[in-house]
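In: Sharing a model that was predicted from the sequence below.
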Amino acid sequence: MSFGFLFTPYFFMTLLLAFVQSATEFLPVSSSAHLILCQSFGFTDRGIFSDVAMHAGTLLAVIIYFKKDLWCMFKNMLKGGDDTRLMRNLIIATIPILISGVVGITIISRLRSPIVIGGTSIIFGFILWVTDKISFTGTNSDLRTMTIWDALCIGLAQLLALVPGVSRSGICITCCRALGFNRRESTRFAMLLSIPTISAASVYIFLLAHRDHLLNQLLTFNVLLGTFLSAILGLIVIKFLMAWIKHASFAVFALYRIALGIFVLNYFLF
């Protein structure tokens, strides 16, 4: 078997975009913003099927990392208890984004602007920093104490992530912290919530491909390569983030978002 493809521009482009997608999907810095900025700075848009591949890879990564949590939830579905409560809350938090999905795609297409990204990066980076820094009552709470209303609040907050630059994981973590959940549990819920959210988006794209008779394009080598790279890199990023929050805050990510926003606004406005 020839490994010449490893030295082609396409492979390096796929590797770069897989890294950007994997790192920014789970870190609270907005994956959609970084992918749009990559295009704005001249990197080739690999197309909708490449995007699906990248998201499928990150989905696989979070499933692998949280396989024990997922197994416990499914195993105890009929028994009740904490794991069933967690699954219930994940479902509730997913409902708002599912209901507004079609409208959300329209919003994203109209707001794919570096100026929008610069503004939202600064605003929501600052909100993340303040929310994480303030000591809310109940900061030792874990996911076993989450109520239906907490889950609904997080789900509604996730709608803001339809705007590029807000960050799905970032806004979920911010909302969880504001509700009094500690950093680890906030991050854990945000990552688990990515499973139904990314799955729904992938199914939607799959149905569009089926409608347009383009399913054969989902099984090409390049798409599978993107999925594989995103899965490997995504798993590394998740392990890094879960280890990071044991000893540090989200301040570094908030400051990065603010610095990125200032740079983007300065570059594209002046």
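Out: Yes, it's here. Numbering: from 1, shown residues only.

In: what about the nearest residue to Pro114 once chain neighbours are set aside, helix or strand, and which?
Out: Closest residue to Pro114 apart from its sequence neighbours, by Cβ to Cβ, 6 or more residues apart in numbering: Phe268 at 4.6 Å. (C-beta placed from N, C-alpha, C; glycine too.) Following DSSP states H and E, one finds Phe268 within helix 251-269.

In: just how off-centre is that helix within its chain?
Out: In terms of Cα atoms, centre = their mean, to the nearest Å, the centre of helix 251-269 is set 19 Å apart from its chain centre.

In: For it, C-alpha coordinates in CSV please.
Out: Provided in CSV are the C-alpha atoms of helix 251-269 (Å, rounded to 0.1, in the frame of the first residue of the first chain):
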residue,chain,number,x,y,z
ALA,A,251,-9.8,31.9,32.2
VAL,A,252,-7.2,31.0,29.6
PHE,A,253,-9.9,30.1,27.1
ALA,A,254,-11.8,33.3,27.9
LEU,A,255,-8.7,35.4,27.4
TYR,A,256,-7.9,33.6,24.1
ARG,A,257,-11.5,34.3,22.9
ILE,A,258,-11.1,38.0,23.7
ALA,A,259,-7.7,38.3,22.1
LEU,A,260,-9.0,36.5,19.0
GLY,A,261,-12.0,38.7,18.8
ILE,A,262,-9.8,41.9,19.0
PHE,A,263,-7.4,40.6,16.4
VAL,A,264,-10.3,39.6,14.0
LEU,A,265,-12.1,42.9,14.3
ASN,A,266,-8.8,44.8,13.9
TYR,A,267,-7.9,42.8,10.8
PHE,A,268,-11.2,42.9,9.0
LEU,A,269,-12.3,46.4,10.0
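
In: From the contact counts, what lies against it?
Out: Using 3 or more Cβ pairs under 8 Å, 6 or more residues apart in numbering; DSSP states H and E as the contact test, the elements touching helix 251-269 are helix 114-133.

In: Look up how far Leu269 lies from the residue nearest to Ala201 when sequence neighbours are not counted.
Out: Excluding the flanking residues, the one nearest Ala201 by Cβ to Cβ, 6+ apart is His55, at 6.4 Å. Distance, His55 to Leu269, using Cβ to Cβ, to the nearest Å: 31 Å.

In: Comparing these two, which residue is more hemmed in?
Out: Ranked by neighbour count (other Cβ atoms under 10 Å), His55 and Leu269 place His55 first, with 24 against 9.

In: my read: that one touches Tyr204, true?
Out: No. Between His55 and Tyr204 there is no contact under Cβ atoms under 8 Å: 11.0 Å.

In: Please identify which helix or strand holds the residue nearest to Ala201.
Out: His55 belongs to helix 48-65 when assigned by DSSP H and E.

In: same for the next helix or strand after that helix, what does it pack against?
Out: Moving toward the C-terminus from helix 48-65, the next helix or strand (DSSP H and E) is helix 67-75. Judged by 3+ Cβ pairs under 8 Å, 6+ apart, helix 67-75 is in contact with helix 82-99, helix 183-211.

In: Below-threshold pLDDT in the stretch 51-200 of the chain: ranges please.
Out: Within the stretch 51-200 of the chain, the ranges that satisfy pLDDT under 70 run 51-52, 78-83, 101-109, 135-140.

In: still on that earlier bit, go through the helices and strands packed on helix 67-75 and name the closest to Ala33.
Out: helix 183-211 (16.1 Å; Cβ to Cβ).
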